[in-house]
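Undergrad: What shape does this take:
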Amino acid sequence: MSQHVFQRAGFLAATVGVAGLLGAGVASAHVTANVYGPQPTKGGYAAIVFRVPSEEKAPVTTTKVAVDFKADYGIGSVRTKPVPGWTAEVTKSKLPTPITKDNGTQITEAVTAVTWTAAAGSELKATDYQEFSVSFGPLPTNVDEVEFPAHQTYSDGKVVDWNQPTPAGGEEPEHPAPAVKLAAKAAEGDDHAAMGADTAATTGAQTEAAAASDSTARWLGGAGLLVGAIGLGVGAGATIRARKATAKSGGNS
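TA: Okay, here's the model as predicted:
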């Protein structure tokens, strides 16, 4: 195959790659909620990653991100994953009417917001994005999707509200609210379907550790084979030299 063909193939691959990156940038140019681990189920727990891009031009930066949790979801607890340079604050509010969960637990106080604030020097620049991870529950059982209206504050005082619901037709609004679909409620005794957010995170960490261990084992195995091959080569060389020396000695006797 000629060098010209290789050059054309390389150019085509580069073009496709750039187009893919540009498409990803356009598609992700708003605050999104992404599921970490298994799909959340009604009545279960969830692990969600909110991805926040900074869209204003330099030198304007993103200084604060707030995500609303609807009170009628009855979310009793939220855990946040530390983000270097940012502080997280969970807001809880008293419910006018207690919400009774399927297990009989009554929720009288629910999480209504989580707010992340950047320390000086950690703000999101125009070319940055940040991910904010939370695990929470129990989830409601009377909805198929949970929405999390978000509010993004910039250093010039501008606030962008990501709170528009996506219509049934599927056409995305200008500022869609982050949302996550819920799977059917887990059956009683179904340990896999009932896996919580913390278990999902642990599983992910174990998978990464196993992959790293496997890579190390493969590297060590390859190194061992190489050393063995060198040893065989050295041994074979020594044998040949010994035979030559013996033959020479015999010829001189």
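Undergrad: For Ala88, which residues are in contact?
TA: 80, 82, 114-116, 132 (Cβ atoms under 8 Å, 6 or more residues apart in numbering). From N, CA and C alone the C-beta is placed, and that goes for glycine too.
Undergrad: can you redo the residues you listed as a markdown table with neighbour count?
TA: Below are the contacts of Ala88 laid out as a markdown table (neighbours: other Cβ atoms under 10 Å):
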| residue | neighbour count |
| --- | --- |
| Thr80 | 17 |
| Pro82 | 9 |
| Val114 | 23 |
| Thr115 | 17 |
| Trp116 | 22 |
| Phe132 | 20 |
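Undergrad: show me where this structure has strands.
TA: Using DSSP state E, the strands found in the chain span residues 32-35, 46-53, 62-68, 77-80, 86-100, 106-118, 129-137, 145-147, 150-154, 159-162, 179-181.
Undergrad: Gly76 and Gln164, how far apart?
TA: As defined by Cβ to Cβ, to the nearest Å, Gly76 lies at a distance of 27 Å from Gln164.
Undergrad: more neighbours, the two?
TA: Legend: neighbour count by other Cβ atoms under 10 Å for Gly76 and Gln164, higher for Gly76 (18 against 14).
Undergrad: circling back to that earlier point, name the pair among the contacts of Ala88 with the greatest separation in space.
TA: The most widely separated members of these, counting by Cβ to Cβ, are Pro82 and Thr115 (14.6 Å).
Undergrad: any chance of the strands of the chain in JSON lines, with mean pLDDT and distance to Ala168 too?
TA: As requested, those are exported to JSON lines (pLDDT from 0 to 100; distance: least, Cβ to Cβ, whole Å):
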{"stretch": "strand 32-35", "mean pLDDT": "96", "distance to Ala168": "19"}
{"stretch": "strand 46-53", "mean pLDDT": "97", "distance to Ala168": "23"}
{"stretch": "strand 62-68", "mean pLDDT": "98", "distance to Ala168": "22"}
{"stretch": "strand 77-80", "mean pLDDT": "96", "distance to Ala168": "29"}
{"stretch": "strand 86-100", "mean pLDDT": "95", "distance to Ala168": "27"}
{"stretch": "strand 106-118", "mean pLDDT": "95", "distance to Ala168": "27"}
{"stretch": "strand 129-137", "mean pLDDT": "97", "distance to Ala168": "26"}
{"stretch": "strand 145-147", "mean pLDDT": "97", "distance to Ala168": "11"}
{"stretch": "strand 150-154", "mean pLDDT": "98", "distance to Ala168": "22"}
{"stretch": "strand 159-162", "mean pLDDT": "97", "distance to Ala168": "19"}
{"stretch": "strand 179-181", "mean pLDDT": "95", "distance to Ala168": "13"}
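Undergrad: Switch those over to a markdown table, and while doing so, append distance to Gly170 to every line.
TA: Converted to a markdown table, the strands of the chain look like this (distance: least, Cβ to Cβ, whole Å):
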| stretch | distance to Gly170 |
| --- | --- |
| strand 32-35 | 16 |
| strand 46-53 | 20 |
| strand 62-68 | 23 |
| strand 77-80 | 29 |
| strand 86-100 | 30 |
| strand 106-118 | 28 |
| strand 129-137 | 25 |
| strand 145-147 | 13 |
| strand 150-154 | 20 |
| strand 159-162 | 18 |
| strand 179-181 | 12 |
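Undergrad: what sits against the nearest residue to Thr91 once chain neighbours are set aside?
TA: Nearest non-adjacent residue to Thr91, counting by Cβ to Cβ, 6 or more residues apart in numbering: Ala113, 4.2 Å away. Contact partners of Ala113, counting by Cβ under 8 Å, 6+ apart, are 66-69, 90-91.
Undergrad: Got a PyMOL select line for the buried ones in those?
TA: Provided next is the PyMOL selection string for whichever of these are buried by 16 or more other Cβ atoms under 10 Å:
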select buried, resi 66+67+68+69+90
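Undergrad: Throw the contacts of Ala113 into a markdown table and include distance to Pro140, thanks.
TA: Listed next are the contacts of Ala113 as a markdown table, based on distance: Cβ to Cβ, whole Å:
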| residue | distance to Pro140 |
| --- | --- |
| Ala66 | 21 |
| Val67 | 17 |
| Asp68 | 15 |
| Phe69 | 11 |
| Val90 | 18 |
| Thr91 | 19 |
